[in-house]
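> Sharing a sequence plus its predicted fold:
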Amino acid sequence: MMSLLTVAVLVGAYLLGSIPFGVILTRLGGAGDLRQIGSGNIGATNVLRTGRKGLAAATLLLDGGKGAAAVLLTHAFQPDLALWAGLAAFVGHLYPVWLRFKGGKGVATMLGVSLAAWWPAGLAFAGVWLAMLAISRRSSAGGLAGAVAAPIAAALGGQSDAVLVMLVMAILVVWKHRGNIARLLDGSEPKVGEG
């Protein structure tokens, strides 16, 4: 059975991950309800559709930051739970209690968790993400490729504990992008800067 401390850590990480920075920033910035704009997603790519590049960059950093914070803060006092706290924060972003469990697709949060858990995997994630984005000009293609790269990098680096958590996150990222994947396959997925 899990101890009360374990439950408290995982619930706290989930609640941290549940903070919908994209929704908060667009509202504070006067751009309206992000869920009524573009794709309705709460992540940085949809914030960019508001035309507010600064808000999109801030959303990207904060969504990544909450994943990294969950890992690093937990590692400071309960190292064996750090990876699981990162996963809990990631799940919180995908299924936030504050938004009736309708959240984002998890790319930035997974990047933050990966960087904090084992930075080479995070760098592989970021490098593949940016390279695929530059080649395809499609945010979803970059995010999907980066998410798949992280557990592969962790496996190649012998990080057996991190591989499992990163693999679970990658599978969930793919699941949340299933609509994007269908559009990528039929050529209808918009490029960055398009509607």
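Great, that's in hand.
> Regarding this structure, what is its longest helix?
Ranked by number of residues, the top helix in the chain under DSSP state H is helix 53-77.
> Can you list the helices and strands that it packs against?
helix 4-17, helix 21-28, helix 44-48, helix 82-94, helix 107-117 (3 or more CB pairs under 8 Å, 6 or more residues apart in numbering; DSSP states H and E). C-betas here are computed from N, CA, C, even on glycine.
> Looking at the last one now, give me its mean pLDDT.
Helix 107-117 carries an average pLDDT of 98.
> What's the first helix or strand after it?
Remark: after helix 107-117, the chain's next helix or strand is helix 119-136, criterion DSSP states H and E.
> Keeping just the C-alphas, turn that next one into PDB.
Provided in PDB are the C-alpha atoms of helix 119-136 (Å, rounded to 0.1, in the frame of the first residue of the first chain):
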ATOM      1  CA  TRP A 119      18.600  15.900 -19.300                       C
ATOM      2  CA  PRO A 120      20.200  14.100 -22.300                       C
ATOM      3  CA  ALA A 121      16.700  12.600 -23.000                       C
ATOM      4  CA  GLY A 122      15.200  16.100 -22.700                       C
ATOM      5  CA  LEU A 123      17.800  17.400 -25.100                       C
ATOM      6  CA  ALA A 124      17.100  14.600 -27.600                       C
ATOM      7  CA  PHE A 125      13.400  15.500 -27.200                       C
ATOM      8  CA  ALA A 126      14.000  19.200 -27.900                       C
ATOM      9  CA  GLY A 127      16.400  18.600 -30.700                       C
ATOM     10  CA  VAL A 128      14.100  16.200 -32.600                       C
ATOM     11  CA  TRP A 129      11.100  18.400 -31.900                       C
ATOM     12  CA  LEU A 130      12.700  21.500 -33.400                       C
ATOM     13  CA  ALA A 131      14.200  19.600 -36.300                       C
ATOM     14  CA  MET A 132      10.900  18.000 -37.300                       C
ATOM     15  CA  LEU A 133       9.100  21.300 -36.800                       C
ATOM     16  CA  ALA A 134      11.600  23.100 -39.100                       C
ATOM     17  CA  ILE A 135      11.200  20.400 -41.700                       C
ATOM     18  CA  SER A 136       7.500  19.900 -41.600                       C
END
